[in-house]
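Enquirer: Structure, please.
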Amino acid sequence: RAAIEKFMPLSFDMASQAAARYLADEGRHVYLTPKSYLEMLGLYRTVLIRRRRENTTATVRLENGISRLRDAASSVGTLEKELTTMVQAADEKRELSESIAARVASEKMTVELETDKANEEAAKVAAIQAEVQRQNEDAERDLLAAEPAIKAATAALDTLDRRDLGSCKTMATPPKGVGDVFSAVCVLLAGVNQGIIVQRNGKVKDKDRSWEACKKSLLGNVNGLVDELKNFKALIDKDCIPKVNFQEVRPYLALEHFNEDAMKKKNSAAAGLVGWVKSIVDYYDIWLDVEPKRLKVVESTLQLEAANSELALVRERVDELQG
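Expert: Here you go, the predicted structure:
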């Protein structure tokens, strides 16, 4: 704190010296007032508060991650015990089959072959089970990364006031940048909101992204718009959103003013919408990476079920021979 207390006056003094040099070199005045100094202190305080919040959020996420890892470790221990029990049971049955084979010479070769087959199937099942477990953990780990994006999108929607959205309809010309936010929402909802005109290639023409077009397609039914935004994640999960929508929205994300801080100064509804757009695109990017893994888990689970069925048939055959 002492260092900061010294740095603030020093930086203000250095800025004053720079202003004097600028006046001497360029003949132009740069005025530094006590208000400037107070604004600098206010900016520092704002940044400090934001950083503390970010650190707190990161700490909570870390604690949640550690808790999940502990739960996973407990599950692995349970699986190890179950696997040990299965192996012991298989060993007992193998010993019994070998005893029967010794007594019944005519069926010895058949019993040994069937027992070997049972062991192979058991090993195959164990290997598939381990792979399914690994894939599940991998997918769950990636899905954890999507939680902050979902929370951010939900929080952004919570800030939306339906009256503020409705009041946007009365604006003939929106503040600079606000139109871009509504255009981005229009692009994302293409194919979802039936009021948005979409070309055959799935894209929305520039004229259909205009402020007047957005007011007509989005703000004609404010309650319906909010419901569409809230249901958007579910449509992503079902793979019902055209990929072209996310390709078309990315140029807006690159705009310098496309952020909540900038929009809060212009329009509160736009601030909530821009937060939702950025967060829902982040979630889609993570989902796009996780979805193939989830499909692989489903495929592996079906393979595991088939292997278990085959193992059951082999063991049944061994039991018949042993009887």
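Enquirer: and the lengthiest helix in the chain, what does it pack onto?
Expert: What stands out as the longest helix in the chain, according to DSSP state H, is helix 34-103. On a contact count with 3 or more Cβ pairs under 8 Å, 6 or more residues apart in numbering; DSSP states H and E, helix 34-103 meets helix 2-26, helix 108-158, helix 268-322. Every residue, glycine included, has its C-beta placed from N, CA and C.
Enquirer: looking at those helices, which has the lowest confidence?
Expert: Note on these: lowest mean pLDDT is at helix 108-158, with a mean of 65.
Enquirer: what does the very next helix or strand once past it contact?
Expert: Next along the chain after helix 108-158, taking DSSP states H and E as the criterion, comes helix 162-167. Helix 162-167 is contacted from outside by 219, 222-223, 225-226, 267-269, using Cβ atoms under 8 Å, 6 or more residues apart in numbering.
Enquirer: repeat that for 6 Å
Expert: 222, 268-269 (Cβ atoms under 6 Å, 6 or more residues apart in numbering).
Enquirer: then the following helix or strand past that helix to PDB, C-alphas only?
Expert: For helix 162-167, the following helix or strand on the C-terminal side (DSSP H and E) is helix 178-188. The C-alpha coordinates for helix 178-188 follow below in PDB (Å, rounded to 0.1, in the frame of the first residue of the first chain):
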ATOM      1  CA  VAL A 178     -26.000  -0.800 -30.300                       C
ATOM      2  CA  GLY A 179     -27.100  -1.700 -33.800                       C
ATOM      3  CA  ASP A 180     -24.100  -4.100 -34.100                       C
ATOM      4  CA  VAL A 181     -25.300  -5.900 -30.900                       C
ATOM      5  CA  PHE A 182     -28.800  -6.400 -32.200                       C
ATOM      6  CA  SER A 183     -27.400  -7.500 -35.600                       C
ATOM      7  CA  ALA A 184     -25.200 -10.100 -33.900                       C
ATOM      8  CA  VAL A 185     -28.300 -11.400 -32.000                       C
ATOM      9  CA  CYS A 186     -30.200 -11.500 -35.300                       C
ATOM     10  CA  VAL A 187     -27.400 -13.500 -37.000                       C
ATOM     11  CA  LEU A 188     -27.400 -16.100 -34.100                       C
END
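Enquirer: same for helix 178-188, what does it pack against?
Expert: Helices and strands touching helix 178-188, by 3 or more Cβ pairs under 6 Å, 6 or more residues apart in numbering; DSSP states H and E, are helix 211-218, helix 243-253, helix 268-322.
Enquirer: Put together JSON lines for the ones you listed, with mean neighbour count and distance to residue 200 on each row.
Expert: Listed next are those as JSON lines, based on neighbours: other Cβ atoms under 10 Å; distance: least, Cβ to Cβ, whole Å:
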{"stretch": "helix 211-218", "mean neighbour count": "19", "distance to residue 200": "18"}
{"stretch": "helix 243-253", "mean neighbour count": "16", "distance to residue 200": "11"}
{"stretch": "helix 268-322", "mean neighbour count": "18", "distance to residue 200": "23"}
